[in-house]
Structures are given as C-alpha cells and as structure tokens.
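Enquirer: missing the sequence, but the structure's below:
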C-alpha cells in the first residue's frame, strides 16, 4: 500500500514535444506529491510539487496534473528541450503516515532529441 | 557555499570488508536521509534521522548502519552482511521532518565490489 507506480520507464521525444510521465498510488493517506529531476551522476533536485487540494500546478514549462479519485498524478513538460533530458522521479508522502519520509516511483529516463 | 557533500565519489569494497560513506551538510538541517539507487528501482530509503543522536530504519536497512553524533554529519557504513552492495548511494537532508519538507540531495557515492 506504500508503493508509487511510475510509467513509462523510458521516453524519447523530439524537441518541442510534450512528454507525459504518469504515477499512481494506493495509499489514500498520501497528500504531498513532489517530482524530482536527476541528471546523470548527480543527486535529484526538487522540480515541482502538488498537494491534493488543487488539480493542476504549473511552474514554467512544467505542469503537474492531479486526479484524486483515480489516485493518479502526472508531469507534463511543455516545449521540451534537449536540456530536459534527465531521469524524473515522482514521490509521495502523507502527513499522518510518514511526515517528510518520501516513497519514490521507479523513475523515467527522458531523452529529448534536437 | 551551502550544500551537501558526499565522499568519496567512487568507493571499492572487497569481500568481507566494511566501508563507510561520508555525508556532510552545512544547511543547518535537522533531518538527514540515506537512499540507495539501483537501475529501474527508484530511490529506496535505508536510514533516516530526524534529530541528532536519533535515527530510524527505512525500507532496506539490513546490512547497513548509521550514526548521528553531529547535526551536520550522517555517515553510512555498508557492512559485510550486505551481500549486494553495488549501487549509487544518495544522502539528503531537510530542514525538518514534517510534512511537505523539501529534501536536498548530495551528489552521491558509487559503491563497487571488487
């Protein structure tokens, strides 16, 4: 019940395309959903996060869509660039269950071709 | 220049040997974490510490040990009991251990078995 399932495992798009990465969770106590971006050989860094009181959050070219009833959330990257090529992780935590402790998805390796 | 440092960048372990990975932060954060990253498996929590002189097991603590004697330091020892230690190890910290806290990651240490 603590798992977060992420898909696809890898994704290749052309420059300007809109890659979409999906995550699904089972634990209804989860109420904080961050996305982390990781470049090769580096540690992950927080990209954007959402709480379930909103259905969408946008920061620059990155948008999170959240569907509470389906227990799913997704990351969209508008006008993708080769510099966006990285591994993306979704994660989740719950106020009542885990505090700051995060459960991560398996990761999606995104390649944006020029 | 604030941040999290991990050393060494690469570490080689012989059979039956214990090795210690260093993690230091100068962000004045209370909470610190150790994750293991394997291809296709995301980040899995090994140990975390909410405050000095206190730490808790994560999801895959077997074969690992930690200490938290100073606020800024959280070393991880990979013991000989860990039969498959080859992985990328990431240290992280957050200001507190409450809900929605952003975790900041170090650059990682890659552990290889000789």
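Expert: That came in fine, so what should we check first? Here the structure is a predicted model, which means the values were calculated and not measured.
Enquirer: least trustworthy helix or strand in chain A by mean pLDDT?
Expert: The weakest-scoring helix or strand in chain A, judged by mean pLDDT, DSSP states H and E, is strand A:103-104 (a mean of 92).
Enquirer: That one pairs with which strands, parallel or anti?
Expert: strand A:86-92 (antiparallel) (DSSP bridges).
Enquirer: And the strands in the chain?
Expert: Just so you know, I chose chain A. Here chain A has its strands, by DSSP state E, at A:4-7, A:10-14, A:20-25, A:33-38, A:45-50, A:56-59, A:62-67, A:72-77, A:86-92, A:103-104, A:108-113.
Enquirer: Chain B was what I was after
Expert: Using DSSP E, strands in chain B cover B:4-7, B:10-13, B:19-25, B:31-37, B:43-51, B:54-57, B:64-66, B:76-78, B:87-94, B:104-105, B:109-113.
Enquirer: Any chance of those strands in TSV with mean pLDDT, distance to residue A:14 and mean neighbour count as columns?
Expert: Every residue, glycine included, has its C-beta placed from N, CA and C. Formatted as TSV, these follow (pLDDT from 0 to 100; distance: least, Cβ to Cβ, whole Å; neighbours: other Cβ atoms under 10 Å in any protein chain shown):
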stretch	mean pLDDT	distance to residue A:14	mean neighbour count
strand B:4-7	96	35	16
strand B:10-13	92	35	14
strand B:19-25	97	39	19
strand B:31-37	96	28	25
strand B:43-51	94	29	21
strand B:54-57	94	45	14
strand B:64-66	97	42	20
strand B:76-78	97	41	20
strand B:87-94	96	29	24
strand B:104-105	95	30	22
strand B:109-113	93	32	17
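Enquirer: out of these, nearest to chain A?
Expert: strand B:104-105 (3.1 Å; Cβ to the nearest Cβ).
Enquirer: Please list the residues outside that closest one that contact it.
Expert: The contact list for strand B:104-105 (Cβ atoms under 8 Å, 6 or more residues apart in numbering or on different chains) reads A:36, A:43-46, B:3-4, B:25, B:27, B:29, B:90-94.
Enquirer: Good, wrapping up.
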